[in-house]
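[1] Whatever this is, show me its structure:
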Amino acid sequence: MIHVTSNSRRTMLAISMTAVACVVMLAIGTSRSSAAASCGPGPTRTHDGRTYQTKTCPNTAGVGVYEIYASGKLGPRLDTMRSTTSWFACQERFASVPNPALGVGRNHYWLWTEGDDNGTWGWFPANGIKLGGQEAAIPGVPIC
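    Down below sits the predicted model:
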């Protein structure tokens, strides 16, 4: 039979409280690092006489690259992004052009890029990027 003294109880309580504090700190640290994530440096690309220092972002494969008309209307799908990490030149918010439905994400930001299938440049929906939030710009990607 083990005899537990009040000092032993205090020690066990201190160890338990330290373990709980560590779990809470780990959870807080994880959520902060996810929120602070942004797209990283990408290759330099030139299109139509303009040079871009692109940013590389994690994205969903199989999402379309679209034309957006000057009138603010969504045009046809021009190409497809097959990779899961892609580069993006810049982004723009088109108030009258919501992103197509991809899961629960909703956004009006679009990223200027080159598709994977035939190299056509167009607009990639921000809700296809695995960073950022609802109706928010993608962190680290400049505005066009």
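[2] Give me the buried positions along stretch 100-109.
    Neighbour-count burial for stretch 100-109, counted by 16 or more other CB atoms under 10 Å, picks out 102, 105, 107, 108, 109. Where C-beta positions appear, they are placed from N, C-alpha and C, glycine not excepted.
[3] Can you tell me which of these end up in helices?
    Among these, none falls in helices (DSSP state H).
[4] With distance to residue 143 as new columns, can those be given to me in CSV?
    Formatted as CSV, those follow (distance: CB to CB, whole Å):
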residue, distance to residue 143
102, 22
105, 20
107, 14
108, 13
109, 9
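[5] with these in mind, which one is nearest to residue 55?
    Among the buried residues of stretch 100-109, residue 109 lies closest to residue 55 (CB to CB), at 13.4 Å.
[6] Now do the closest one against residue 53, distance only.
    The spacing between residue 109 and residue 53, counted by CB to CB, to the nearest Å, is 19 Å.
[7] can you pull up the bridge partners for residue 52?
    residue 45 (DSSP bridges).
[8] So it sits against residue 89, correct?
    Yes. Counting by CB atoms under 8 Å, residue 52 touches residue 89, with 3.7 Å between them.
[9] List the residues that are in contact with both of those two.
    45, 112 (CB atoms under 8 Å, 6 or more residues apart in numbering).
[10] Neighbour count for those two, which is higher?
    residue 89 (23 against 19; other CB atoms under 10 Å).
[11] Dihedrals phi and psi, the more buried one?
    When read as degrees, to the nearest 10, the backbone of residue 89 gives phi -80, psi -50.
[12] if I read this right, it contacts residue 110, doesn't it?
    No. Taking CB under 8 Å as the definition, residue 89 is not a contact partner of residue 110, at 11.4 Å.
[13] Next one, pLDDT for residue 105 please.
    Listed pLDDT for residue 105 reads 81.
[14] Identify the residues contacting the nearest residue to it once chain neighbours are set aside.
    Closest residue to residue 105 in three dimensions, ignoring its sequence neighbours and counting by CB to CB, 6 or more residues apart in numbering: residue 127, at 3.4 Å. Neighbouring residues of residue 127 by CB under 8 Å, 6+ apart: 99, 100, 102, 103, 105, 106, 107.
[15] what helix or strand is the second one on?
    Right, residue 100. Taking DSSP states H and E as the definition, residue 100 sits outside all helices and strands.
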